[in-house]
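Q: model this:
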Amino acid sequence: MGLIPEQKITTALRMLAYGAVADQVDEIARMEKSTILKSLMRFCRAIESIYTAEYLRKPTHMDLERLLKKVEIRGFPGMIGSIDSMASFDTWIWHTFFGVPGAQNDPNVLTQSPVFNDILQGRAPKVTYEVSGRMYDGPYYLADDIYLRWSTFVKTVPRPRSAKEKHFGRCQEGCKKDVERCFGILQAHWAIVRGAARLFDVESLRSIMMTCIILHNMMVEDEYDYEAVDEYEPDMMNNSRTHMHNARQNDLIEHQWALKQAVHDNFWTDRHNSEFRTIFDNIPTFPPVE
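A: Okay, here's the model as predicted:
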């Protein structure tokens, strides 16, 4: 009797999820090593060809509306993700780019990536939002200080001095880490990404990574509760592109500081009213004088 499809799919998923090599799976699946590797690559190519259009799509209007609603609660209106991970707050990965040879830093990889092609060709999503009383057009990404000062980036303050700049730096880094945690989740679910995938050739590596990302997005779609209320409190504790970056960064600094002050003022107002009521309730009453 020949091999059934369930056997081949099981071996492929075991290699992806547990990072197992073919020698560790052959006895369980009762398959030859060459058949196991062939089944893995056929599975990856099938997932990639069928589901790429749906699970590695560009954000739709509904997707953008949901993303912008969430990030506005976090104090970053207009932000659609982190440029380092190209993922959103729900850890959905929107863009992948492979094939850059050798050791290269982030800006060099970015210049070879097609991520901003739509913006350069005038097909950027139409997003309008207000920060500290000033209107802005076009979304932006959170970025490290190594990137250029483009209008599509909001970077942290490299050497914060004032309390406002320090507070903004904490908020920017915290929001960026919330997005970039998708790398840890991806590696936890698909252990082949951590090391075993290095045994394959370049094209096989690309197909394996695409498959893991697509399956990761499927899990996000199935498990993430988009209707849940996001409980968030701010931490209590020279060109046109450069001008736009500086202006938006300064406005976001003011916006984050205003959120912090609002929480602080509400705290002391509630405490003052509570103490006043306590004092008023403890005032002794005396009988009327006859």
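Q: quick one, helices of this protein?
A: Secondary structure of the chain (DSSP state H): helices located at 5-18, 22-29, 33-55, 61-73, 106-112, 117-120, 163-180, 182-189, 202-223, 240-281.
Q: Let me have the ones you listed in a markdown table, extended by mean pLDDT and distance to residue 89.
A: The way it works is simple: take the backbone N, C-alpha and C, and place the C-beta from them, glycine included. What follows is the helices of the chain, written out as a markdown table (pLDDT from 0 to 100; distance: least, CB to CB, whole Å):
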| stretch | mean pLDDT | distance to residue 89 |
| --- | --- | --- |
| helix 5-18 | 89 | 25 |
| helix 22-29 | 76 | 36 |
| helix 33-55 | 92 | 17 |
| helix 61-73 | 84 | 5 |
| helix 106-112 | 68 | 21 |
| helix 117-120 | 66 | 21 |
| helix 163-180 | 82 | 6 |
| helix 182-189 | 88 | 10 |
| helix 202-223 | 90 | 11 |
| helix 240-281 | 68 | 17 |
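Q: how about those helices in TSV, adding distance to residue 135 and mean neighbour count?
A: Formatted as TSV, those follow (distance: least, CB to CB, whole Å; neighbours: other CB atoms under 10 Å):
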stretch	distance to residue 135	mean neighbour count
helix 5-18	46	17
helix 22-29	57	15
helix 33-55	34	16
helix 61-73	14	15
helix 106-112	27	13
helix 117-120	19	11
helix 163-180	20	18
helix 182-189	31	16
helix 202-223	32	17
helix 240-281	10	14
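Q: Which of these sits closest to residue 146?
A: helix 106-112 (5.7 Å; CB to CB).
Q: What residue spans form the domains of the protein?
A: 5-55, 61-191+229-265 (automatic domain parsing).
Q: Endpoints of the longest one, how far apart?
A: According to CA to CA, to the nearest Å, domain 61-191+229-265 extends 37 Å from its N-terminal end residue to its C-terminal end residue.
Q: now swap in the first one and tell me
A: Across its full length, domain 5-55 reaches 24 Å end to end, with CA to CA as the criterion.
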